[in-house]
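Chemist: pasting a predicted model and its sequence here:
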Amino acid sequence: MTVTERKEKKVTPDTRARRGRAIGFLGKWAVFAGFIAAWQVATTLAEAPYFPTPSTIGETMVDLWLSGPASQLWLSDAVFDDVVPSLLRLLGGWAAAGVVGVVLGLMMGRSEKLYDYFSPTISFLRSVPPPALLPVFLVLFPIGTPMQLATIIFGVIWPVLLNTIDGAHTLDETVVETTRSMRLSKPRFLATVVLPAALPKIFAGLRVSLSLALILMVISELVGSTNGIGYQMIMAQRDFSLPKMWAGIVLLGILGYVLNVLLLVIQNRVIGWHTRSKSLTGR
Amino acid sequence: MLDVTGISHTYGSGAKTHTALGDITFSVEKGEIVCIVGPSGCGKSTLLRAISGLLPPTAGESRFMGERITEVPHDLAFVFQEYSKSLFPWLTVRGNVAFPLKARGMSRRQRHEVVDEALGWVGLADAVEKYPWQLSGGMQQRVAIARALVCQPALLMMDEPFASVDAQTRAELEDLLLRVRREYDTTVLLVTHDIDESVYLSDRVLVLSKAPSTVVSTLTVSLGAERDQITTKETDDFVHLRGEVARLLRYGTAGVHDEVHEVKQAVPVEAVAE
């Protein structure tokens, strides 16, 4: 673009920002497409049975999950037998851990006594790698959903709990003093003042927990399950149906990505005030 | 209405104790505006907290309408200096002002009316649906004042309420407070470090000494109910009173000090700004 052209075209900051976003969007997906292409080329050249090409994996995925009748929205039975149970366990475990973590966190964050009593126990429990407890849970709970839920809940509660405690604890003293004269009951104070104030930190915890929940869902299905994505993967591996195994891996990647995006959308809805006030005041 | 008897407060224990409040006794009558001025670090804010039940005092007691205060009374509202922290950033201006009403179980429609009225009163009728952080400092403090007034408290306690806004806004907010008092007959106890402000707003000024602080003197301000930022501050009474308060802050007595060396030795006080 020459100097005269630039002068003629009035570029407002708004259009520039929009253009910048469009370029950024195209750019990141171009990189992704490049990655898939490179993967395709590498696996085609290698011709190794353990590494099927992305196109083979894609076909297998369509075969496995998108070959159902129109009445089921083209979803195959395998979706309902494996993917849906997995998702339900993942979301159920995560949500349960979220609720328990937030409620306990709010109480412990606002009570020095509770916090002092429980902090060593919490520090110890959260230091145990959740997969290490699988053998225990396998004995304690019936194989299948109960044992998997236990694993997920125990594994993902800590980021939510600790972040909620932190968020509730660091509530500004001015807010506390302002609300003291309003005579709020303790539960009301926790729900209408502490909870919203802690939400930004709670969401940060929920996002960490969600990705942890996906990991634990797969691990628990690999060792003790009769259905689910993880179970399908381990069965496919034993059958040497490697494209099927890879299909599971790719599906998990997609699931993790989509769930995170969904949570971000919810987060922006719920704590949009937080990000906007931050960007406005620079605090 | 408010009787403070022998309040003192000591922070910490052992060797690190710091006695912020010595032995403070005063009372506030219904409908009065009383300002507390004192040198910085004299424990003005501690005093407000110790009186109101936010902070249990080490000794002494305060009674609100005859009842001994152990926790913050229902009929008492606060306005703090840090408006940006005291307002809830997750609620709109309406939500913030309606918050104490909601806690009292007022119906939605009634809340709406009361909030609209209060916000119109402080000149924020157009900002109802905005968030606090979208407003200027002065406007945020107006929201905080509206929130404090909306429950029609018998006593309003203000801790350096206008210390974080610019001079112009400060004058506007001071006049707003005088208007509140005229209209609602609200009793106000206000802590400030600004001598002019204390005289301009009050019926009485309590001057504190430096920590451990005691009430050095109580000055009655008879400037009438109608006050004006320019003309009131030109009157002889005002000029005399502000001189008196300044002298009390500097020397601890109201007498005239002519000797220069004495002025030099005087403890620097926060007569101008913090």
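Modeler: Now that the structure is in, tell me what you want to look at.
Chemist: rest of the way, CA atoms for contacts and neighbours
Modeler: Fine.
Chemist: show me the helices in the stretch 101-250 of chain B, by range?
Modeler: For the stretch 101-250 of chain B, applying DSSP state H, counting those that start in this stretch gives helices covering B:108-121, B:137-149, B:167-184, B:195-201, B:231-234, B:236-251.
Chemist: among those helices, show me which one is buried the most.
Modeler: Greatest average neighbour count among these goes to helix B:137-149 (a mean of 24), per mean count of other Cα atoms under 10 Å in any protein chain shown.
Chemist: re the thing from before, now the helices of the stretch 101-250 of chain B as a markdown table including mean pLDDT and distance to chain A?
Modeler: Listed next are the helices of the stretch 101-250 of chain B as a markdown table, based on pLDDT from 0 to 100; distance: least, Cα to the nearest Cα, whole Å:
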| stretch | mean pLDDT | distance to chain A |
| --- | --- | --- |
| helix B:108-121 | 90 | 15 |
| helix B:137-149 | 90 | 9 |
| helix B:167-184 | 88 | 19 |
| helix B:195-201 | 91 | 23 |
| helix B:231-234 | 86 | 33 |
| helix B:236-251 | 86 | 28 |
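Chemist: nearest to A:Phe35, out of those?
Modeler: When the helices of the stretch 101-250 of chain B are compared by Cα to Cα, helix B:137-149 sits nearest A:Phe35, at 50.5 Å.
Chemist: helices or strands next to that closest one in the packing?
Modeler: Helix B:137-149 is packed against strand B:76-79, helix B:83-86, helix B:93-103, helix B:108-121, helix B:167-184, with contacts defined by 3 or more Cα pairs under 8 Å, 6 or more residues apart in numbering or on different chains; DSSP states H and E.
Chemist: roughly how far does the residue of the stretch 1-150 of chain A found nearest chain B sit from A:Val62?
Modeler: Taking Cα to the nearest Cα, chain B has its nearest neighbour within the stretch 1-150 of chain A at A:Arg110, 16.3 Å off. The gap separating A:Arg110 from A:Val62 is 51 Å, by Cα to Cα, to the nearest Å.
Chemist: ok, A:Val139 next?
Modeler: Using Cα to Cα, A:Val139 is found at 37 Å from A:Val62.
Chemist: and these two? Which one has more around it.
Modeler: A:Val62 (16 against 10; other Cα atoms under 10 Å in any protein chain shown).
Chemist: buried residues in whichever strand or helix holds the more buried one?
Modeler: Using DSSP states H and E, A:Val62 maps to helix A:54-65. Within helix A:54-65, the residues scored as buried using 16 or more other Cα atoms under 10 Å in any protein chain shown are A:Pro54, A:Thr56, A:Ile57, A:Gly58, A:Thr60, A:Met61, A:Val62, A:Leu64, A:Trp65.
Chemist: how about residues contacting stretch B:28-47?
Modeler: Residues outside stretch B:28-47 that contact it (Cα atoms under 8 Å, 6 or more residues apart in numbering or on different chains) are B:1-3, B:9, B:20-21, B:55, B:159, B:181, B:185-195, B:198-199, B:201-213, B:249, B:269-271, B:274.
Chemist: list buried residues within the residues you listed.
Modeler: Buried among the contacts of stretch B:28-47 (16+ other Cα under 10 Å): B:1-3, B:9, B:20-21, B:55, B:159, B:181, B:185-195, B:198-199, B:201-213, B:249, B:269-271.
Chemist: which stretches of the stretch 1-150 of chain A form helices?
Modeler: With DSSP H, counting those that start in this stretch as the criterion, the stretch 1-150 of chain A has helices at A:3-8, A:13-46, A:54-65, A:77-78, A:84-110, A:112-127, A:134-140, A:145-169.
Chemist: now render the ones you listed as a markdown table, adding distance to B:Cys42 and mean pLDDT.
Modeler: Converted to a markdown table, these look like this (distance: least, Cα to Cα, whole Å; pLDDT from 0 to 100):
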| stretch | distance to B:Cys42 | mean pLDDT |
| --- | --- | --- |
| helix A:3-8 | 62 | 52 |
| helix A:13-46 | 51 | 90 |
| helix A:54-65 | 73 | 92 |
| helix A:77-78 | 74 | 86 |
| helix A:84-110 | 30 | 95 |
| helix A:112-127 | 29 | 92 |
| helix A:134-140 | 61 | 89 |
| helix A:145-169 | 29 | 94 |
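Chemist: right, so those helices: which one is the most enclosed?
Modeler: Neighbour counts (mean count of other Cα under 10 Å) averaged over each of the helices of the stretch 1-150 of chain A peak at helix A:145-169, with a mean of 25.
Chemist: so that helix versus helix A:112-127, what angle?
Modeler: Helix A:145-169 and helix A:112-127 are oriented at 140 degrees to each other (axes from the mean of the first three to the mean of the last three Cα atoms, to 10 degrees).
Chemist: the host helix or strand of A:Ile254 to helix A:84-110, inter-axis angle?
Modeler: Per DSSP H and E: A:Ile254 is located in helix A:242-270. Here helix A:242-270 runs at an angle of 40 degrees relative to helix A:84-110 (the same axes, to 10 degrees).
Chemist: go through helix A:242-270 and flag the buried ones.
Modeler: For helix A:242-270, the neighbour count (16+ other Cα under 10 Å) marks A:242-252, A:256, A:259-260, A:267 as buried.
Chemist: stretch B:217-230 now?
Modeler: So stretch B:217-230, judged by 16+ other Cα under 10 Å, has buried residues B:Ser217, B:Thr218, B:Leu219, B:Val221, B:Leu223.
Chemist: export these to JSON lines and tack on pLDDT?
Modeler: Below are the buried residues of stretch B:217-230 laid out as JSON lines (pLDDT from 0 to 100):
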{"residue": "B:Ser217", "pLDDT": "84"}
{"residue": "B:Thr218", "pLDDT": "87"}
{"residue": "B:Leu219", "pLDDT": "86"}
{"residue": "B:Val221", "pLDDT": "86"}
{"residue": "B:Leu223", "pLDDT": "81"}
